[in-house]
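Student: What would the 3D arrangement of this be:
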Amino acid sequence: VLSLICVLGFAFAGMGATLSGSWDTEVVIVPSIPTISLNSEIEVVYTVGDWAFTSLTTLSDAGWVDQTFSAAGVLGAFTLGSMLDLDPAGLFDEWVTTGSVSIAGVTFGSTFTLDGEDALLELAGSGVAGDVTVGVAVTFGELLLDDGCDLPFAGVSIDIGFPFCCADVNAEIIFSCDGFVSACFS
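Tutor: Got it, this is the predicted structure:
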């Protein structure tokens, strides 16, 4: 067993990969009512290159309570991440995937969330031109509607900031699918 651990350890080191993790257990003993409860979290992280793959398992007295898998890393100029949360009872909890890229000083990002039968997609962009900052976020779909897996237009938020004399001016304009919502200047 020791030689197998050494061989795997040298193999991971040779590939630039690491396997790490943690195991946290909480034991609660109540002497007045003779009970013992256990809660445990086991996290395993496999890192190779610019990528990290994680598994988080939650256990309690009831058994296997929650399981989460995630991956995050860099692919060329893109930063990507994905998290899948599963209920061991056979139910799907949530899947969130993000991506971003910065091109010529402008950052573009997206977040896709699938929660049960509901989906949400947000596309965002932000940048700076001299002293002016601009950020735009467009949202499709809504969570917690239970109206199926569709992505209707939900809204857009535009943020602009710039210095004027001795003050920083910020403006936020929001539109929903019903039209104009608000304009806030500060």
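Student: can I assume Leu86 is in contact with Trp64?
Tutor: No. Using CB atoms under 8 Å as the test, Leu86 is too far from Trp64 to be in contact (10.1 Å). Yep, even glycine has a C-beta here, placed from its N, CA and C like the rest.
Student: Looking at these two, which has the bigger crowd around it?
Tutor: Set Leu86 next to Trp64 and count neighbours by other CB atoms under 10 Å: Leu86 wins out with 15 against 12.
Student: how about the more buried one, phi and psi?
Tutor: Main-chain dihedrals, Leu86, degrees, to the nearest 10: phi -120, psi 150.
Student: SS state for the residue sitting furthest away from the middle of the chain?
Tutor: Taking CA atoms, centre = their mean, the residue of the chain most remote from its mean C-alpha position is Ser32, at 42.3 Å. What DSSP: H, G, I helix; E, B strand; the rest coil gives for Ser32 is coil.
Student: quick one: the helices in the protein?
Tutor: Assigned by DSSP state H, the chain shows helices spanning 2-15.
Student: any weak-confidence spans in it?
Tutor: 1-16, 143-151 (pLDDT under 70).
Student: quick one: the strands in the protein?
Tutor: Along the chain, counting by DSSP state E, strands occupy 17-30, 35-48, 51-60, 63-75, 78-87, 91-103, 106-115, 118-129, 132-141, 153-164, 167-176, 179-185.
Student: Having no further points to raise, I will conclude here.
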